[in-house]
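Enquirer: mind looking at a prediction? Sequence and model below.
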Amino acid sequence: MGKNRLEAFSDGVLAIIITIMVLEMKVPTGGDLVSLKPVLPIFLSYLLSFVYIGIYWNNHHHMLHTVHHVTGAILWANLHLLFWLSLLPFVTGWVGHNHFTPAPMALYGVVLLMAAIAYFMLQHAIIFSQGKDSILAKAVGNDFKGKASTILYAAAIPLAYFRTWVAGGIFILVALMWLVPDRRIERALGEHDSR
């Protein structure tokens, strides 16, 4: 299978995820700004999840540019990632509707942690398929940001029950770490093309 079909499918799933999330925001009945107040937690949880989906979409796009051929392991690893990302609308809605209470925040962290692990597994399936000297293997290196993100998510899950705002701060911090586009793959592709 060519990677174009995998990219198109993944892009479609991510677009649907964003659409489902925005549909969780119901239009308030009042015509003044005060009537927007109940929607604010839902909007804030949507905003954070939208940023996360954007980060995954951007990095997924760059990562797939390094793929020469798609294997069954890559397909299944990609579906595994999409499964966890498809749960974001549910946990985003739960967090927003319950005003960032501990259990929804902890489950939000679980979904983010599992998505990070699934991304790591996809990354390694690609490296295994393409070889240890592949563009992706060289670009990723020791993957400090990926490992740090996983540790931070794991720490935020129990923290959500004691200091919900700290868990939320960790989720925002990880998003900010990845918000600046990861140039490692672009650099590695540029070096490879210049040879």
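Expert: Good, I have the coordinates.

Enquirer: packing partners for the helix or strand where Ile17 lies?
Expert: Using DSSP states H and E, Ile17 maps to helix 3-23. In terms of contacts (3 or more Cβ pairs under 8 Å, 6 or more residues apart in numbering; DSSP states H and E), helix 3-23 is packed against helix 40-64, helix 72-86, helix 88-97. C-beta: built from backbone N, CA, C; applies to glycine.

Enquirer: average pLDDT across the longest one?
Expert: This means helix 40-64. Across helix 40-64, the average pLDDT comes to 94.

Enquirer: also the shortest one?
Expert: Mean pLDDT, taken over the full extent of helix 88-97, equals 96.

Enquirer: pull out the buried residues from that helix.
Expert: Of all the residues in helix 88-97, those buried under the rule 16 or more other Cβ atoms under 10 Å are Leu88, Pro89, Phe90, Val91, Thr92, Gly93, Trp94, Val95, Gly96.

Enquirer: and for the longest one?
Expert: Within helix 40-64, the residues that qualify as buried by neighbour count (16+ other Cβ under 10 Å) are 42, 44-46, 48-53, 55-57, 59-60, 62-64.

Enquirer: for stretch 133-148, same thing?
Expert: Ser134, Ile135, Leu136, Ala137, Lys138, Ala139, Val140, Gly146.

Enquirer: my guess is the first one meets Thr66, correct?
Expert: Yes. Using Cβ atoms under 8 Å, Ser134 is in contact with Thr66, at 6.6 Å.
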